[in-house]
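> Show me how the following folds:
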Amino acid sequence: LRKKILEQRNALSEDEIKIYSRRIRKRLCEQAAFLSADVVLSYAPYGSEVDVSQITHHNMYLPRVTDAKEGKMEFYKLTPDAVLEMGYKGIFEPVSNIIFVPETFEGSVLIILPGVVFHKKGNRIGYGKGFYDRYLKRLSENNQNVTKIAVAFECQILDSIDGDVHDVPYDVLISPDNVY
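Take a look at the predicted model:
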C-alpha cells in the first residue's frame, strides 16, 4: 500500500505539488490551533511531500534525526539566520543548538505531520521507521496541549487503513480540498 500511494504521489507534477501545497498551507494557517500555538513543530519536505517550508511562525522547530538506527529525532529551532543541511535520507535538517524539550515545555504545541497514507479518521502510515510515532508518544506524555495536524494530497487519503498498535493518531487532516 505504501509503495502504491508513493507512486501516485510521485506522479504529481511540480506545478500540482506547488498549487496543492499552497492551498494546504493556507488552510493550515487559518486553523485556530496554528494561530494560538506557542510552538510549531514542522518539517522540511522530502521528495513529493506537501511543501510546508513557506509556513512561518515566531517559534518554529524542524526535526533532525539523532539516531537513525533507533528511529529517534529531536526538533531544533528555526532561527532567522538558520542554516539547513542535508541530513538523514537527504532531508534538510536545521543546524541549531536550540532544542525543543517536550518534557519541560508547558505551552501549546502544534505539530505538522508528513506521511505516505492517511485515513480520514486519524490513522497515518509513514515511511516505516516510526520516527514520528515515537516522538508523538513522548510529546503527548509530557504535554496535554498538543494538536497534531497531518497534511496530504487527495491521492494519499483512503477511506480506511489498518492502524498499528504503535500508531499515534492525528487530530486534523488537511488536504487541498478538505479539512477532516
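
> and the closest residue to Ile112 other than its chain neighbours, what are its phi and psi?
Closest residue to Ile112 apart from its sequence neighbours, by Cβ to Cβ, 6 or more residues apart in numbering: Ser42 at 4.7 Å. Any C-beta I mention is one placed from the backbone N, CA and C, and that applies to glycine too. Dihedral angles phi and psi of Ser42 (degrees, to the nearest 10) take the values phi -120, psi -160.

> Tell me the pLDDT of Ser42.
The score at Ser42 is 98. That number is its pLDDT.

> Now do the residue nearest to the spatial centre of the chain against Asp15, distance only.
For the chain, the residue nearest the mean C-alpha position is Leu113 (2.1 Å; Cα atoms, centre = their mean). When Cβ to Cβ, to the nearest Å is applied, the distance between Leu113 and Asp15 equals 24 Å.

> all helices for the chain, in order.
Along the chain, the stretches classed as helices by DSSP state H are 2-10, 14-29, 32-36, 131-142.

> Looking at the ones you listed, which one is packed in the most?
Greatest average neighbour count among these goes to helix 131-142 (a mean of 17), per mean count of other Cβ atoms under 10 Å.

> Against which helices or strands is it packed?
strand 60-67, strand 72-77, strand 109-113, strand 146-151 (3 or more Cβ pairs under 8 Å, 6 or more residues apart in numbering; DSSP states H and E).

> next one: the last one to chain centre, how far?
The offset between the C-alpha centroid of strand 146-151 and the centroid of the whole chain comes to 7 Å, using Cα atoms, centre = their mean, to the nearest Å.

> What helices and strands are in contact with it?
Counting by 3+ Cβ pairs under 8 Å, 6+ apart, the packing neighbours recorded for strand 146-151 are helix 14-29, helix 32-36, strand 109-113, helix 131-142, strand 172-174.

> Among the helices and strands packed on helix 131-142, which comes closest to Arg9?
The closest of these to Arg9 is strand 146-151. By Cβ to Cβ, the value is 12.1 Å.

> Give me the mean pLDDT for the closest one.
So the average pLDDT for strand 146-151 ends up being 97.

> likewise stretch 155-174?
Across stretch 155-174, the average pLDDT comes to 87.
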